[in-house]
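# Structure here, sequence nowhere to be found:
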Ligand SMILES: [Zn+2]
């Protein structure tokens with residue numbers, strides 16, 4: 001039955017008048033859109049052409065802007081990037097500040113070799129698939145506070161020329177920062193590293209903060225460099241994997257702090273531990289004999305320590321070590 005003309009017009013007007021909860025664009029005629037436009041609808045599969053057209057409306061006003069590019073920004077906050085979206089199509093935005101606050105990438109987010117000339121803000125972003133920033137450079141700061149990396153996160157050889165914040169970020173897959181350079185502050189406070197994390201040959205040139213981070217799997221800092229103060233206090237160490245802190249260069253060891261954590265899974269061979277600020281740390285003892293070979297991790301570490309003239313509570317660590325029964329239930333506390 002045909003609807004009265006007046007009613008049809010009213011409905012059409014209502015639909016046209018309905019705008020996105022987050023912007024003024026018309027809503028998608030899809031119940032899954034939950035009252036959002038094509039950009040903000042939480043839908044993994046979208047019309048990529050129409051999606052790109054709406055994105056260009058954000059990017060294009062910055063073209064040829066008379067104001068300095070450092071003062072312009074492209075705000076992509078809360079956008080849900082669909083599967084199959086090519087991050088390269090954002091290229092013209094990378095010369096400005098880019099705000100990806102609370103965005104969701106349903107597909108892979110490939111930002112390899114991208115040069116972010118403005119601030120790159122990915123706070124609370126969700127990467128449902130791999131997020132790859134290998135060889136990318138962040139010239140005015142990188143903000144990944146609270147970001148969720150569901151799969152692999154790649155920052156290999158990335159360059160952070162200003163502060164880099166990964167505080168409270170969650171890495172569920174491999175986190176690869178191998179050979180990355182943090183020229184200023186590197187903040188991983190309260191981050192969660194559930195998969196393998198690679199910081200081999202990573203250069204931390206500014207203050208570094210891993211305090212209260214949660215390491216669940218193997219972490220590798222082999223040949224990393226820390227030029228300024230660094231905190232590993234209250235780090236939750238992995239229960240079955242190791243933290244490789246071998247051959248690490250510490251320019252200011254007296255400003256490197258390990259407070260209130262269990263170091264039984266940490267390996268420090270080749271790293272000069274003199275002057276490091278250890279406080280209330282625990283080293284578990286493995287059940288092996290001092291004269292057996294290969295010697296236990298503890299023996300490795302204590303040998304390394306005594307070579308550097310570090311002692312336990314002023315007493316002879318060697319006597320206590322030789323006279324003790326090596327069981328895992330008998331930790332040694334360094335105060
Ligand atoms: Zn919208």
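Okay, I see it. From a predicted model like this one, the values you see are computed outputs, not experimental measurements.

# who in this protein is up against the ion?
20, 22, 23, 25, 37, 39, 40 (C-beta under 5 Å from the ion). Every residue, glycine included, has its C-beta placed from N, CA and C.

# can you pull out the strands in the stretch 1-150 of the chain?
73-75, 80-81, 97-99, 104-105, 109-110, 115-116, 120-121, 126-127, 131-132, 137-138, 142-143, 148-149 (DSSP state E, counting those that start in this stretch).

# Residue 57: neighbouring residues, count only.
11 (other C-beta atoms under 10 Å).

# how much space between it and residue 23?
Residue 57 is 10 Å from residue 23, where distance means C-beta to C-beta, to the nearest Å.

# intersection of neighbour lists for the two?
Here residue 57 and residue 23 have no joint contacts, going by C-beta atoms under 8 Å, 6 or more residues apart in numbering.

# list the buried ones in stretch 108-123?
108-111, 114, 116-123 (16 or more other C-beta atoms under 10 Å).

# tell me which of the residues you listed is nearest to residue 155?
residue 111 (9.8 Å; C-beta to C-beta).

# So for the nearest residue to the closest one once chain neighbours are set aside, what pLDDT did the model give?
The shortest distance from residue 111 to any non-neighbouring residue, by C-beta to C-beta, 6 or more residues apart in numbering, is to residue 133 (4.8 Å). pLDDT recorded at residue 133 is 98.

# Residue 133: neighbour count?
Residues lying near residue 133 (other C-beta under 10 Å) number 27.

# What separation is there between it and the ion?
26 Å (C-beta to the ion, to the nearest Å).

# contacting residues for that residue?
By C-beta under 8 Å, 6+ apart, the contact set of residue 133 is 111, 112, 114, 153, 154, 155, 158.

# if we take those, which one ends up nearest to the ion?
residue 111 (23.1 Å; C-beta to the ion).

# quick one: the closest one from residue 75, how far?
Relative to residue 75, residue 111 is positioned 18 Å away (C-beta to C-beta).

# For the buried ones among the residues of the chain next to the ion, write the corresponding PyMOL selection.
Applying 16+ other C-beta under 10 Å to the residues of the chain next to the ion leaves a buried subset, and the PyMOL line that selects it is:
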select buried, resi 20+23+37+39+40
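
# before we move on, the earlier item: now distance to residue 256 too, for the strands of the stretch 1-150 of the chain, in JSON lines please.
As requested, these are exported to JSON lines (distance: least, C-beta to C-beta, whole Å):
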{"stretch": "strand 73-75", "distance to residue 256": "37"}
{"stretch": "strand 80-81", "distance to residue 256": "39"}
{"stretch": "strand 97-99", "distance to residue 256": "33"}
{"stretch": "strand 104-105", "distance to residue 256": "35"}
{"stretch": "strand 109-110", "distance to residue 256": "33"}
{"stretch": "strand 115-116", "distance to residue 256": "30"}
{"stretch": "strand 120-121", "distance to residue 256": "28"}
{"stretch": "strand 126-127", "distance to residue 256": "31"}
{"stretch": "strand 131-132", "distance to residue 256": "29"}
{"stretch": "strand 137-138", "distance to residue 256": "25"}
{"stretch": "strand 142-143", "distance to residue 256": "23"}
{"stretch": "strand 148-149", "distance to residue 256": "27"}
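
# between those strands, which one is nearest to residue 257?
With C-beta to C-beta as the criterion, residue 257 lies closest to strand 142-143 of these, at 24.3 Å.

# How is this structure divided into domains?
18-104, 108-283 (automatic domain parsing).

# Compare the mean pLDDT across the ones you listed and name the weakest.
For the domains of the chain, where the average pLDDT is lowest is domain 18-104, sitting at a mean of 90.
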